[in-house]
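**Q** Take a look and give me a structure for this.
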Amino acid sequence: MKTVTRKSPLKPATERLEARVPLPIKSLIDRAAALEGRSITDYVIATLERHAVKVVREHEILQLSTADSHAFAQAMIAPPKPNRALKDILSRHAKTVSIQ
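**A** Now for the predicted structure:
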């Protein structure tokens with residue numbers, strides 16, 4: 001009879017991450033972790049996650065000036081009529097792309 005070993009559903013999958021850092025940076029990380037009462041691993045994971053979320057958010061959110069926001073809103077409320085170039089492209093698209 002085969003035995004099946006299952007991983008606990010409560011434990012998320014993890015990956016290993018390694019980095020070589022200069023001694024002054026390692027010392028700084030050690031000190032910061034201690035000041036927050038965390039292990040180095042917990043401190044590094046929390047700090048990296050917080051920064052990664054911030055970076056991704058900054059790149060995903062489009063920030064417009066007031067004038068650009070107004071122009072965008074106007075275009076959404078009352079879009080301009082399709083010009084010749086747009087009609088040509090839509091026609092070409094319809095001829096080359098089939099939807100099933």
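**Q** where does this structure dip in pLDDT?
**A** Applying pLDDT under 70 to the chain flags the ranges 1-9.
**Q** State which helix of it is the longest.
**A** Ranked by residue count and defined by DSSP state H, the top helix of the chain is helix 40-60.
**Q** and it, what other elements does it pack with?
**A** Contact here means 3 or more Cβ pairs under 8 Å, 6 or more residues apart in numbering; DSSP states H and E; on that basis helix 40-60 packs against helix 23-36. In short, each C-beta sits where N, CA and C put it, glycine included.
**Q** How about residues contacting the helix it packs on?
**A** With contacts defined as Cβ atoms under 8 Å, 6 or more residues apart in numbering, helix 23-36 is touched by 21, 39, 40, 42, 43, 44.
**Q** show me what contacts the third one?
**A** Yep, that's residue 40 we're talking about. Residue 40 sits in contact with 29, 30, 33, where contact means Cβ under 8 Å, 6+ apart.
**Q** switch the cut-off to 6 Å
**A** By Cβ atoms under 6 Å, 6 or more residues apart in numbering, the contact list for residue 40 reads residue 33.
**Q** count of residues packed around residue 12?
**A** Number of residues near residue 12 (other Cβ atoms under 10 Å) recorded here: 7.
**Q** coming back round to it: are any of the contacts of helix 23-36 buried, and which?
**A** Buried members of these, counted by 16 or more other Cβ atoms under 10 Å: 43, 44.
**Q** now the contacts of helix 23-36 as TSV including distance to residue 62?
**A** Converted to TSV, the contacts of helix 23-36 look like this (distance: Cβ to Cβ, whole Å):
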residue	distance to residue 62
21	35
39	38
40	37
42	34
43	33
44	31
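**Q** List just the nearest of the contacts of helix 23-36 to residue 15.
**A** residue 44 (13.5 Å; Cβ to Cβ).
**Q** Against residue 52, how distant is that closest one?
**A** Distance of residue 44 to residue 52, computed by Cβ to Cβ, to the nearest Å: 12 Å.
**Q** And residue 40, by the same measure?
**A** 18 Å.
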